[in-house]
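Asks: this one's sequence-less:
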């Protein structure tokens, strides 16, 4: 599990980590711009594209990555890389959609949302690990990070409305789904 999880977090190392270094300071400067809602929407689209590209690559190359970089006894780790990688896509996107909570100094709400997601992860682990092992743990992570994204979006949009590039996001989502279906059929 640990090996697969580490490879899955490459989304953070390659995309979110560098993004967060810039984003943490710039998001407040952008908030002062009269076109902040539009800019946040564009940032969301580009982050979705970059993080998804890496997650798709990890999904498609998981078996090869593990076979080259891990010992024989860890070859099964490839099967959880995709779940972890997509978890971190949702985590990265949460950092854009939660902008209203930070700009309007509602970080206590953010803390509660993180606590809710922590509890959902613990509950998911408790329910899923006995039946599905490491896959259950990875799925619990995916669900809790997706929940964090949805909750951040729901609470933050009351404070700052992001003008999402709906057509581009729909196109990206369709392409991602088709790619995932293609990767599933190849494997």
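Replies: Noted; the coordinates are in hand. The structure displayed is predicted, hence computed values, not measured ones. Numbering: from 1, shown residues only.

Asks: any idea how far residue 2 is from residue 64?
Replies: Using Cβ to Cβ, to the nearest Å, we find residue 64 at a distance of 19 Å from residue 2. Placement of C-beta: from N, CA and C, glycine included.

Asks: Residue 71 now?
Replies: 12 Å.

Asks: what's the answer for residue 151, then?
Replies: On the measure of Cβ to Cβ, residue 151 and residue 2 end up 28 Å apart.

Asks: Which one's more surrounded, those two?
Replies: residue 151 (21 against 10; other Cβ atoms under 10 Å).

Asks: Could I get the contacting residues of the nearest residue to the more buried one once chain neighbours are set aside?
Replies: Distance criterion Cβ to Cβ, 6 or more residues apart in numbering; nearest residue to residue 151, sequence neighbours excluded, is residue 113 at 4.6 Å. Listed by Cβ atoms under 8 Å, 6 or more residues apart in numbering, the contact partners of residue 113 are 148, 151-152, 155.

Asks: Which pLDDT does the model give the residue of the chain most remote from its centre?
Replies: No residue in the chain has its C-alpha farther from the mean C-alpha position than residue 72, which lies at 29.0 Å (Cα atoms, centre = their mean). Residue 72 is assigned a predicted lDDT (pLDDT) of 84.

Asks: where does the protein have low pLDDT?
Replies: Along the chain, segments meeting pLDDT under 70 span 186-187.

Asks: what's the single longest helix in the chain?
Replies: Assignment by DSSP state H gives helix 36-69 as the longest helix of the chain.

Asks: now the closest residue to residue 38 other than its chain neighbours, what's its secondary structure?
Replies: Leaving aside its sequence neighbours, residue 38 sits nearest to residue 163 (Cβ to Cβ, 6+ apart; 5.1 Å). In three-state terms, and counting by DSSP: H, G, I helix; E, B strand; the rest coil, residue 163 is coil.

Asks: Contact partners for residue 163?
Replies: 37-38, 40-41.

Asks: Could you tell me which of those count as buried?
Replies: Those of these that meet the buried threshold are 37, 40-41, by 16 or more other Cβ atoms under 10 Å.

Asks: Make CSV out of the residues you listed and add distance to residue 127.
Replies: Output for the buried ones among the contacts of residue 163, formatted as CSV (distance: Cβ to Cβ, whole Å):
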residue, distance to residue 127
37, 39
40, 35
41, 36
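
Asks: Of these, just say which sits nearest to residue 22.
Replies: Of all those, residue 40 has the smallest distance to residue 22: 13.9 Å, by Cβ to Cβ.
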